[in-house]
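Visitor: just the structure for this:
(chains A and B)
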Amino acid sequence: MPRQTRYRSVRGAEDILPDAQPRWRSVRDTMVSVCERYSYGQIDTPIFEDYNLFVRGVGEVTDIVEKEMYLIPDRSGGDTLALRPEATAAVCRAYLQHGLHARPQPVRLYTVMAPMFRYSRPQSGRLRQFHQLNVEAIGDPDATVDAEILGLCWQVFVELGLKDLTLQLNSIGDPACRPAYVQALKSYYGEHVESLCRDCTARLDRAPLRLLDCKNAPCQPFIEDAPRSRDHLCPDCESHFADLVGFLEGMGVPFDLDHRLVRGLDYYTRTVFEVQTMAEGAQNALGGGGRYDGLIQEIGGNPTPGVGFAMGIERIILNLERQSIHPPDTPTPTVFVAYVGEKARQRAVVLSAELVRSGVTNMLGPASKSLKAQLRQAGSMGVPHVAIIGEREAESGTVTLRNMSEGTQEEVGMGEVAGRVEGR
RNA sequence: GUGAGCGUAGCCUAGCGGUUAAGGCACCAGGUUGUGGCCCUGGAGAUCGAGGGUUCGAAUCCCUUCGCUCACCCCA
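Guide: Predicted coordinates:
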């Protein structure tokens, strides 16, 4: 046998085999169900976009833009394309492109199972192609919308059955108050530069907010005493946040205020939140998002507020498995069509097709295998009925219908099979 | 991009310098001439990730490389 190159899926990109599909489907169904009950409408956008959309939208100095995008030269010589690294910018683009501002605001949108692409070293809970649920409410600045989004997000986790989750909440202000806060943060940290970890000395200039996020030991004491964004909110942001907190309490959505929570995408304003597991493992953020009141203007629209979040399907599935929350069983055929001999072979294909037409899930047995082997296969799959067509049945136009659990069988006409198996 | 661990049949694992690389699961075929689940027998399937080196001799030791995994970073 000549040995050929064995291809495998590209690093960080996984196949989802039939056995895994019930799990994916049930997660998806739960997400759709919650979104639809909140009156969100499904939107699907292309998996690639002009890469400038993400540069503008996500922010030039973010990791996503600097080193994680998959770029594709456009064969027509136009602008470079990017496999989407996240959904929000693309959904906002669609909002603008289709004049959705002309509809009642906010416009409520979601995408499920949307594949996203980010180039980074794969590890548990982090792939290069991964899938998200994305939910966005665009066009209304009110805190009720933030509350709705947070409530929707939390409800999805509740209905998925995941336990040991926390909802971390913070406000990082807006253009009116954030610059002053960032300044305060910088000058505070400026006094401690020499004590900080190497990562953080670099962060001080490039992404000061992320200093708060550092996990290294040397920096911990400074984080506690660092200026907090919520203490520097302008009156508008302050009352917006107070409203949100009140709404969440009223809704019974549990949350923790976390002054360290900042997010890695530039577009967030005011509300930011993250749903985290307490489970072991590094990738503990199952979902996250916030308000992005400046984003639409940034990508060329009129100033338009928005809030939304994303959650990672793979990470959710990982945690469902860790918590032994099982998906529905893989469906098995109702009937296995076994046959022996040439004439029977012809009848069998026909029977299989007719059963499908009658709505009966069935599997056609393999040719050139003994009856014994076919029965064995049906048995190992747990198929409840086997329709056997041998020489005899082929002659008389009948089939022997075997009940696998009882071990009984009866001879019926070809057309009777569907009725027999359903009637039980 | 950085660091660590690991690579033996589809999956899990034994072997850790010496004759044809062992076992389990799964797969295939038999055990009555057209009948499953248990049991029994047999079979197929591995150039031991790849390349190079050391040695009389390497899956076993060394180097390189590729791949996988986990963590950092970042985030879903």
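Visitor: and the residue of chain A at minimum distance from RNA strand B, what element?
Guide: Using C-beta to the nearest atom of the strand, residue A:264 is the residue of chain A that sits closest to RNA strand B, at 0.6 Å. No exception for glycine: its C-beta is placed from N, CA and C like everyone else's. For residue A:264, there is no host helix or strand (DSSP states H and E).
Visitor: list the contacts of it.
Guide: A:62-64, A:207, A:210 (C-beta atoms under 8 Å, 6 or more residues apart in numbering).
Visitor: enumerate the residues of the stretch 151-300 of chain A near RNA strand B.
Guide: A:199, A:203, A:207, A:210, A:213-216, A:263-265, A:274, A:281-289 (C-beta under 7 Å from any atom of the strand).
Visitor: just the buried members of the residues you listed?
Guide: With burial judged by 16 or more other C-beta atoms under 10 Å, the buried subset of these is A:203, A:207, A:210, A:213-214, A:263, A:265, A:274, A:283-289.
Visitor: just those now: which is nearest residue A:160?
Guide: Set against residue A:160, the nearest of those by C-beta to C-beta is residue A:286 (9.6 Å).
Visitor: before we move on, back to that, which pair of the contacts of residue A:264 spans the longest distance?
Guide: Applying C-beta to C-beta across these, the maximum distance is between A:64 and A:210, 13.5 Å.
Visitor: up against RNA strand B, what does the stretch 301-424 of chain A have?
Guide: Going by C-beta under 7 Å from any atom of the strand, the residues of the stretch 301-424 of chain A near RNA strand B are A:310-312, A:314-315, A:340, A:369-373, A:375-380, A:388-393, A:400, A:402, A:404-405, A:407, A:409.
Visitor: list the buried residues of stretch A:11-24.
Guide: Quick answer for stretch A:11-24 (16+ other C-beta under 10 Å): A:12, A:23-24.
Visitor: show residues contacting the one helix or strand residue A:317 maps to.
Guide: Taking DSSP H and E as the definition, residue A:317 sits inside helix A:313-322. Residues from elsewhere that reach helix A:313-322 (C-beta under 8 Å, 6+ apart): A:23-24, A:27-28, A:113, A:124-125, A:127, A:130-133, A:160-162, A:277, A:279, A:281, A:283, A:285-286, A:327.
Visitor: in helices, which of those appear?
Guide: Judged by DSSP state H, helices contain the following of the contacts of helix A:313-322: A:23-24, A:27-28, A:160.
Visitor: so where's chain A shaky on pLDDT?
Guide: Applying pLDDT under 70 to chain A flags residues A:1-5, A:280, A:423-424.
Visitor: show me the residue at the heart of it, geometrically.
Guide: By C-alpha atoms, centre = their mean, the mean C-alpha position of chain A lies nearest to residue A:132, the distance being 2.5 Å.
Visitor: state the distance from that residue to residue A:289.
Guide: 11 Å (C-beta to C-beta, to the nearest Å).
Visitor: same question, residue A:242
Guide: With C-beta to C-beta as the criterion, residue A:242 and residue A:289 are 20 Å apart.
Visitor: go on, residue A:196?
Guide: Taken as C-beta to C-beta, the span from residue A:196 to residue A:289 is 29 Å.
Visitor: also residue A:278?
Guide: Residue A:278 is 20 Å from residue A:289, by C-beta to C-beta.
Visitor: same deal with residue A:57?
Guide: 14 Å.
Visitor: repeat for residue A:415
Guide: On the measure of C-beta to C-beta, residue A:415 and residue A:289 end up 56 Å apart.
Visitor: repeat that for residue A:386.
Guide: Counting by C-beta to C-beta - residue A:386 and residue A:289 are separated by 51 Å.
Visitor: same question, residue A:317
Guide: Distance from residue A:317 to residue A:289, by C-beta to C-beta: 20 Å.
Visitor: where exactly do the helices run in the stretch 1-150 of chain A?
Guide: According to DSSP state H, counting those that start in this stretch, the stretch 1-150 of chain A carries its helices in the segments A:21-37, A:51-58, A:63, A:88-97, A:143-160.
Visitor: by contact count, what packs against the shortest one?
Guide: Using 3 or more C-beta pairs under 8 Å, 6 or more residues apart in numbering; DSSP states H and E as the contact test, no helix or strand touches helix A:63.
Visitor: then the fourth one?
Guide: With contacts taken as 3+ C-beta pairs under 8 Å, 6+ apart, helix A:88-97 sits against strand A:48-50, helix A:51-58, strand A:107-117, strand A:129-138, helix A:295-298, strand A:306-312.
Visitor: what's across from the residue nearest to the centre of chain A in the sheet?
Guide: Legend: beta-bridge partners of residue A:132 under DSSP bridges are residue A:114, residue A:312.
Visitor: was I right to think it contacts residue A:309?
Guide: No - contact criterion C-beta atoms under 8 Å: residue A:132 and residue A:309 do not qualify, at 9.5 Å.
Visitor: and residue A:243, which of the three is it?
Guide: With DSSP: H, G, I helix; E, B strand; the rest coil as the basis, residue A:243 sits in helix.
Visitor: who's in contact with it?
Guide: A:143-144, A:147 are the contacts of residue A:243 under C-beta under 8 Å, 6+ apart.
Visitor: show residues contacting stretch A:155-166.
Guide: Looking at stretch A:155-166 with C-beta under 8 Å, 6+ apart, the contacting residues turn out to be A:27, A:30-31, A:33-34, A:38, A:133, A:254-256, A:275-279, A:286-287, A:311, A:316, A:319-320, A:323, A:325.
Visitor: same question, stretch A:48-61
Guide: A:64-66, A:69, A:71-72, A:79-86, A:88-90, A:92-93, A:206-207, A:265-267, A:295, A:298-300.
Visitor: kindly recompute the last result at 7 Å.
Guide: With C-beta atoms under 7 Å, 6 or more residues apart in numbering as the test, stretch A:48-61 has contacts from A:64-65, A:69, A:71-72, A:79-86, A:89-90, A:92-93, A:206-207, A:265-267, A:295, A:298-299.
Visitor: all good on my end, thank you.
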